[in-house]
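Asker: Build me a structure from this.
(chains A and B)
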Amino acid sequence: MKKYWKSLAHRARRKGLVEQSKREFPTDRFDKIEISRRDFFKNMGASLALMGLSGCGYVRKPKQKIYPYVKRPEFMVPGKPTYYATSVSIGDDVNGVLVESLAGRPIKVEGNPLHPVGQGKTSAWQQASVLNLYDPDRYQRVLNKGKESSLGDFKRWLASLDMGADQGDGIGMLIDYTPSPTLYSQLKKIQDRFPKIKFYRYSSVNNDNIYQGVSDISGEYAFPFVDFTRADVVISLDSDFLGTDTLSLEYNRDFMRRRRPENGKMNRLYHFESSYSITGGVADHRFKVKRSDIEVILYEILRQVYQKGVIRTDGFLISWIEEAIVASVSYLKDKPAYQNISEIVDDLVSHSAGLGRENGGRAVLLAGPHQSPLVHSLVFYINYIIKAPVTYYSHPFKSAEFPFIQERGIDSLSDLTRDIESQNIKTLFVLGGDPVYNAPVDLNFEGLFTKVDTVYLGMIPDETGDKSSWVIPEQHYLESWSDLVSVKGDLSLVQPLINPMYPDSLSKSGFLSLILGEDIGERELVRTTHSGISWRRSLHNGVVKGGFGNLQRRAIAPYSINAFVSRNSDKVKRAKDSLEVSFDVDYSVYDGSFINNTWLQELPDPITKLTWDNAVMISHALAIKNDLKNYDMVEVASGRYTLRGAIWVVPGQDEDTITLKLGYGHRVSGKIGQGSGFNASRLRTVSGYDYTDKTIKISKTGENYLLASVQDHWTIEDKYFEGEESSNSQNGRPIYREESVDNYKKNPRFAKEAVEVPHLKGYHDKKAETFTDPMYAENMSVFKEVEFTGEYQWGMAIDLSTCTGCNACMVACQAENNIPVVGKEQVLWGREMHWIRLDRYFDGDTENPRMVHQPVTCLQCEQAPCEQVCPVAATVHSDEGLNDMVYNRCVGTRYCSNNCPVKVRRFNYFDYHQRSPHAQKKVSSHIFELFKEPAESLQLQFNPDVTVRMRGVMEKCTYCVQRINEVRVVSRNEERKIRDGEIVTACEQACPTGSITFGDIKNDGSRVTKLKRLDRDYHLLAELNIKPRTSYLAAINNPNQKVKGS
Amino acid sequence: MNIFPKWLNKLPPIVHLVGASVTVMAVGIVWYWFSPKNIEVGYSPTQPIDFSHQLHAGELAIDCRYCHTTVEKASFAAIPSTEICMNCHNLVRRASGAEVDSPEIAKIVDSFNSGKPIEWVKVHMLPDYAYFNHSRHITAGVSCVECHGRVDQMKKVFQAEPLSMAWCLDCHRDPAASLRPQESITDLSWKAGTSVEEKKQIGMEIMRAKGIAPRENCNACHR
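Answerer: Have a look, this model is predicted:
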C-alpha cells in the first residue's frame, strides 16, 4: 500500500497540521480573534457606513480618451493580437518562441512549433522572461560611478580611451556566453582591429565539463545529444535532463513519448543524484549518492560492462578501476546505489548492440553538467562501446580564432584574475553575467574588479553593476536584433517586438558596434552575418532553413582508452565518509538572472515547494544527527569560507550532502530580488566548483529564519491524520494513482477501481444500475442535476505518467490570467494565488522516498460543491460545463473555497497588484486616486482579455475562457464548428511533455475524448459525485523487479 | 411645568412617517433616475474636432465601414486613423461655399503632419469586465443602429441606448427583432416592412439560417 505524504509534518501526523486541515479556512486566524458582541456591532456599523460611502462611486465614469493611429500599420487590427517569431537563450539553451503582441506590447511568450528544440513548448523561465522586459527596476540610464550619465558621455570616455593607439593592449572583455553568430563575427572584427585585446568567458551555469570531457577522450569539442525515442534503458548520472539541463525541452518531448504505455514499450530510467530533481521524480529507480561518489559508481558500471562481456576485457583499465573502487567500497557497499549496479548493468548490456553495428544500442548513459570532465569522458566511452543512441554536435564557435571558447569558463575567469593582478588588464568590458556576484569566492574577484576601469552591460541592478565604473543598460531580447544557435546547430533569429523601453539601452551587438565605432544597425548586422538566407521567410518562421552549418559529427571514436587512462590516472576519485556541499541550478531563478522576476520568485520549487528563498538543504538523518530543524539559521564552513543560511530538510536527500541552489542572496538587486535567499557562491571555489572538496562544518547560530514553503497549503483532506489504514492507495483516499506497467497490464482498470467508497466501483461505467447504494446513483444526487445543453462540452485530461512537475504551466497561467503575486509574508499565511497548484507527494520513508507530482486546478465539476453554497450566485454553471466565476457578484464570503474538495479557489485578500513593491500611486484622476496601482511599465504586460480582479473576490481557473471565446467568435463568424485542438489553454500550450489536453468531450473524435476513454483515466474524489470535467490518467512506471531498495 | 407643548407628542409618528417616505422616495429616485437609462443615455461629450456624423454618414452616405474598418473582423470597430480622414481631406479643405479653409479640417492635417493622434473622447463606455465583440454581432446580422441609434442623424454623437446588462440580455433572450439581412447591415434607415411582426419574421429566418443562439451564460461576456 502506498502512503503519500506532502511534508515531514504530514508524515508524522503532527497535531497542528491535523487541526489546520480541519479548519474552515486553514490559514485564517479570524475565528481565533476574540471579539465582544458590542465590538462586533461597532465594526459592522462602521463597515455599513463605509459601504454607503462607496455608493458615491455611482458617478459618471471618468472621461476616457481614444487615441487612434495616425497611420495604422498594415495588419494591425486593434484588439487582435499579432504573433511574432523570435528566439530566446538561457545559458546554452536556445528555443524559438512566438510572442503575442497586443497594440505593440509583447504580453505572452508561447512556443514556436517550427523551432526544432521546443517544437512549440516552453520552459517556466522562457514563459517568465517577458516580465523582465517590464521590470521597473531595470537599469534605465547610463551610470558613471553610480551617478546618472548619458550614452554621449560614455562615447566620449570611450574615445578618450583611444583603444586603437596600442592595439587594445591592457583591455579585456569578459563575456557571458551567448550563442549568437553575429556576436562572434563582431568579436572577430574587434580582434582584428585591436589584436592585443584579451577575451575571457564566464557563465556560472554552463556545459563546460561536458564539452571538456568529450574533447579529452575524442579530440572533438562536441555536445552529446541523446535520442530518447530510441532508448529503452537510460542511466542518468546526476543529469537533470528533464529539468535544468540544456535541451531539456527536446528531452522532455522525446523521453515522455516512451512513458505512455499506449505508445508501446516503455523506457526505464535509473537515476543517481544527491538531492531530488524532477528527473529523479520521474525515474523508475532513483538512487541517492553523493555527487563526488557518482564517479565511483561510474567506475563500477564500466567494470561490470567489461565483465559482462560487451567488449574484450582490458587488464590495464580494470586494474585502474579496481584501484579506485577498492578504496571506496567500504563506504559505498551499504548503499542501494552501489548494490544494484549489477542488475542495472544487466539491463544496460541486454539493450546494447553487438559489435559492428552503428548506433544500434537501445541503452544509454548520460551525465549531468556538474560531473567532472573525466566522468563525461568515461560516459562517452561506455556509450561508444554499447552503441548508444547518442549523436555529437560540435561547438558552434570552436574555431581556432577564439581559444577562450574552448577553455572552461572557470579557467578563463582565473586567467582574468591573474591578468588583473599582474596589471596586464587595465580596462575591462563585461558583457552580462554578473561575475562579481557569482565568481568563485577564492578568486577574490570583487576585490580585483574595483582595481580596474570597468564597463558593465547589464539589465537588472546587481553586484557587478554596483562595482563598475560604467553601467550601460542592456536591452531585453524582445527589444533587440540578434541570432542564436542551439547546441545542435539550429539557427534562429531574434527580432524585437517593441522599441527599446529606455533609449540609452544597448544590445550586446550594439555595444560591440559602439566599441568598434561602427554606426550600423543591429538589424543590418544580423542580415550581413546571414547574407545567404531568405530573410523574410526566416524572420517569419523564426528559424533559418539549413541551420548553422552541419554541426553533427558522425561516429566520433575515442582515443585509445589505455592512453586516456594513464593520462588521467592521478584524477581518480575515492569515495569517503564526509560531508559535501553541492551546487545546483535553481528551478526558479536559474543562475540568478531571474532574481528580480516576481513570477519566478513566488514559483514554488518543484521539490521543496519553497518560494522567495533558497535554503541549506539537508537530509532528515543529518538534521537529527546535528540537532537541526527547518528554519534554523546555520553557518556552513568549507575550509575558510563560510555561509549563513536557513535549514530546509528535504526527503530523499543524500545524508552526506548539503545542497545549495545558485542564484539567490544578492546584496544588490531590484526591489524584488534584494534580500531573498543565501548566496551559494560564497562557498564555491575553483577546485570545489560543482561540489566542495574541503572539510565541511555545519553549526547552529541559534537564530531562526522563516522560509515560505507551500507544501502543506491547500491539502486535500485525507485520512492519514486519523491514522486509518485502508486497503486502497493514498491514505484511504486515492488522490494520486499509479501502478507499474506489469500490474497495469494485469489489471488495466486498477485506477478506476481504486476508489475510496467500495460500492462506487461502478462509477466509471456511468451506469446507475451498477451502484449498489442508491445514494450514489447518478440520478439520485441530493442536488438538482444540471443539464448541459451547450454546443460544446469542455473537458481536460492530465496525464500523470508524463507530468514532471516542472512548473511551466503555473507560470504560463500566471502570465495569461493576470494572476497577482502576493509576496513572501502572504505566502506564509497561505494566500498564494496560483490557479494551478502542483501537489508534490512523497511515498516511503523520509530517507529514500519516491516523489510524484500532480497538477491540480479547478476540475470544473459538473456537480460543483462551490456553487451550492454561494449565497449570491457568483459561481454558476455555463451550458458548456464551465464553472463560471462572476467576479462582480462575489462578496467574498469564501464559502465556496471552504466547500471545494480539491481546494483550488483563491481569494484575493488584498489587492495584491497594489501591494507589490513595484506598485506606484495611481496616475489617473478619480475619487479612488489615493490607492496605488502596479508600476506603469508592469501594466503594459497585463492581458487585456482577462479581467484584472480586485480584492475581496474569489478567483480560480476558468479553462482560459478568454481563449475559448476568441476561437468561438472566429468559428461562428466563419460559420463552422470549432476544430479539435483549435483552443489551446495556456497551460496546455506551455507543457513541455504534452501532459495536458483540452477539448470538446462531446466530440467523439477529439483528442481529449480519446484520452478519457483510456483505462487509466480516473476522476479525482469521484465518491463525492462531483463529476469533474478534468480527469487524470494514472501514472504508469516501469520498474525493474530485480532492483531492491530504491 | 410643561416645557414642551402638547402637539409635540405627535412628533415621533410624524418623524417616522416623513423618514419612511423620504427613504422610499430616495430609493425610488435612485432606482429610476440613477439607472443607466437616465444617466448614460444622452451622454454627448465635446470632441476635439467638431465632426458631424450627420454630414458624413447621413448626407454624404459614406458607409460606416469606410472609417470603422475592423468592425467585421475584430472586437473593436476601431476609431479611424488620421490617414483615413486624409484620404478625402487632402483635397477637401473647406466647407462647401466657404471662403477659407475650415479650422476643424486643419486639425486633421495637423495631426497627420505632426504624427500626433487625435484625442477622441469615448462615448460608448462598457466596463472593463464586459467583453463585447463587434464582429460577432455584425456578422450575425445586428445592425449598428441597434446599439448606437441613428448616428447618421447625429451632428454630435450621443449615447442612444443604456448599454446596461439588462438591456444587453433583453436582446440576447429575444434577438429576432434586432436581426436583419447582411446587405443592409449598415443601412441605418432600413425598415423591415411595416409591422414589428414582419421584422420578427425576418429575424426568425435569419436565426434559423445562421443557427443564431445568443449565449446567456456569464462567460459569454465576462471573463
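Asker: isn't A:Val948 right next to A:Asn818, touching?
Answerer: Yes. With contact defined as Cβ atoms under 8 Å, A:Val948 counts as touching A:Asn818 (5.1 Å). To be clear about C-beta, it is placed using only N, CA and C from the backbone, and glycine gets the same treatment.
Asker: so who does A:Arg193 touch?
Answerer: Going by Cβ atoms under 8 Å, 6 or more residues apart in numbering or on different chains, A:Arg193 touches A:Gly164, A:Gly168, A:Leu516.
Asker: where do the strands sit along the stretch 701-850 of chain A?
Answerer: Secondary structure of the stretch 701-850 of chain A (DSSP state E, counting those that start in this stretch): strands located at A:708-709, A:738-740, A:794-799, A:837-843, A:850-856.
Asker: closest one to chain B among the ones you listed?
Answerer: strand A:794-799 (10.6 Å; Cβ to the nearest Cβ).
Asker: Listing partners with orientation, what would you give for the closest one?
Answerer: Paired with strand A:794-799 in the same sheet, following DSSP bridges, are strand A:996-1000 (antiparallel), strand A:1030-1033 (parallel).
Asker: Determine how far the last one lies from the middle of the whole chain.
Answerer: Relative to the mean C-alpha coordinate of its chain, strand A:1030-1033 is positioned 23 Å out (Cα atoms, centre = their mean, to the nearest Å).
Asker: what sits up against that strand?
Answerer: Outside of strand A:1030-1033, the residues within contact range by Cβ under 8 Å, 6+ apart are A:737, A:751, A:795-801, A:854, A:857-860, A:1011-1012, A:1014, A:1016-1020.
Asker: In contact with the closest residue to A:Tyr1018 other than its chain neighbours: list those residues for me.
Answerer: Excluding its sequence neighbours, the residue lying closest to A:Tyr1018 (Cβ to Cβ, 6 or more residues apart in numbering or on different chains) is A:Ala751, at 4.3 Å. A:Ala751 sits next to A:Arg737, A:Glu739, A:Asp1015, A:Arg1016, A:Asp1017, A:Tyr1018, A:Leu1033, A:Ala1034 when contact means Cβ under 8 Å, 6+ apart.
Asker: Please repeat the previous calculation with a cut-off of 6 Å.
Answerer: For A:Ala751, the contacting residues are A:Arg737, A:Arg1016, A:Tyr1018, A:Ala1034, by Cβ atoms under 6 Å, 6 or more residues apart in numbering or on different chains.
Asker: Closest to B:Gly97 out of the residues you listed?
Answerer: A:Tyr1018 (80.3 Å; Cβ to Cβ).
Asker: which stretches of chain B have low pLDDT?
Answerer: By pLDDT under 70, the low-scoring segments of chain B are B:1.
Asker: can you map out the strands along chain B?
Answerer: Counting by DSSP state E, chain B has strands at residues B:120-121.
Asker: Give me the distance from the longest helix along it to the chain's centre.
Answerer: Across chain B, the longest stretch assigned as helix under DSSP state H is helix B:11-33. Relative to the centre of its chain, helix B:11-33 is centred 34 Å away, using Cα atoms, centre = their mean.
Asker: Can you work out which other helices and strands pack against that helix?
Answerer: Using 3 or more Cβ pairs under 6 Å, 6 or more residues apart in numbering or on different chains; DSSP states H and E as the contact test, no helix or strand touches helix B:11-33.
Asker: buried ones in it?
Answerer: Residues of helix B:11-33 include none that count as buried (16 or more other Cβ atoms under 10 Å in any protein chain shown).
Asker: Restrict stretch B:117-131 to CA atoms and write it as PDB.
Answerer: Written as PDB, here are the backbone C-alpha positions of stretch B:117-131 (Å, rounded to 0.1, in the frame of the first residue of the first chain):
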ATOM      1  CA  PRO B 117      -3.100  61.200 -32.700                       C
ATOM      2  CA  ILE B 118      -6.400  63.000 -32.300                       C
ATOM      3  CA  GLU B 119      -7.700  62.600 -28.800                       C
ATOM      4  CA  TRP B 120     -11.300  61.500 -29.200                       C
ATOM      5  CA  VAL B 121     -13.400  61.200 -26.200                       C
ATOM      6  CA  LYS B 122     -15.100  57.800 -25.700                       C
ATOM      7  CA  VAL B 123     -18.800  58.000 -25.900                       C
ATOM      8  CA  HIS B 124     -19.900  54.400 -25.500                       C
ATOM      9  CA  MET B 125     -18.200  53.000 -22.500                       C
ATOM     10  CA  LEU B 126     -18.600  49.500 -21.400                       C
ATOM     11  CA  PRO B 127     -16.900  48.500 -18.100                       C
ATOM     12  CA  ASP B 128     -13.600  46.700 -18.500                       C
ATOM     13  CA  TYR B 129     -15.000  43.400 -17.300                       C
ATOM     14  CA  ALA B 130     -17.600  43.300 -20.100                       C
ATOM     15  CA  TYR B 131     -16.200  41.900 -23.300                       C
END
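Asker: I would like the residues contacting that stretch, please.
Answerer: With contact meaning Cβ under 6 Å, 6+ apart, stretch B:117-131 is reached by A:61, A:63-68, A:70, A:947, B:45, B:47-48, B:79, B:111, B:132, B:157, B:159, B:221-223.
Asker: Output the strands paired with strand A:794-799 as TSV; include the columns mean neighbour count.
Answerer: Conversion of the strands paired with strand A:794-799 to TSV gives the following (neighbours: other Cβ atoms under 10 Å in any protein chain shown):
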stretch	mean neighbour count
strand A:996-1000	26
strand A:1030-1033	25
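Asker: got those strands as JSON lines, with mean pLDDT columns?
Answerer: JSON lines is the format used below for those (pLDDT from 0 to 100):
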{"stretch": "strand A:996-1000", "mean pLDDT": "93"}
{"stretch": "strand A:1030-1033", "mean pLDDT": "93"}
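Asker: possible to save these as JSON lines with distance to A:His877?
Answerer: Below are those laid out as JSON lines (distance: least, Cβ to Cβ, whole Å):
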{"stretch": "strand A:996-1000", "distance to A:His877": "17"}
{"stretch": "strand A:1030-1033", "distance to A:His877": "15"}
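Asker: Tell me which of these sits nearest to A:Thr244.
Answerer: Closest among the strands paired with strand A:794-799, using Cβ to Cβ: strand A:996-1000, at 21.4 Å.
Asker: Just after that closest one, pick out the following helix or strand.
Answerer: Per DSSP states H and E, strand A:996-1000 leads on to helix A:1007-1012 as the next helix or strand towards the C-terminus.
Asker: For the stretch 751-900 of chain A, list the residues in contact with chain B, please.
Answerer: Residues of the stretch 751-900 of chain A found near chain B (Cβ under 6 Å from any Cβ of the partner chain) are A:Ser878, A:Leu882, A:Asp884, A:Val886.
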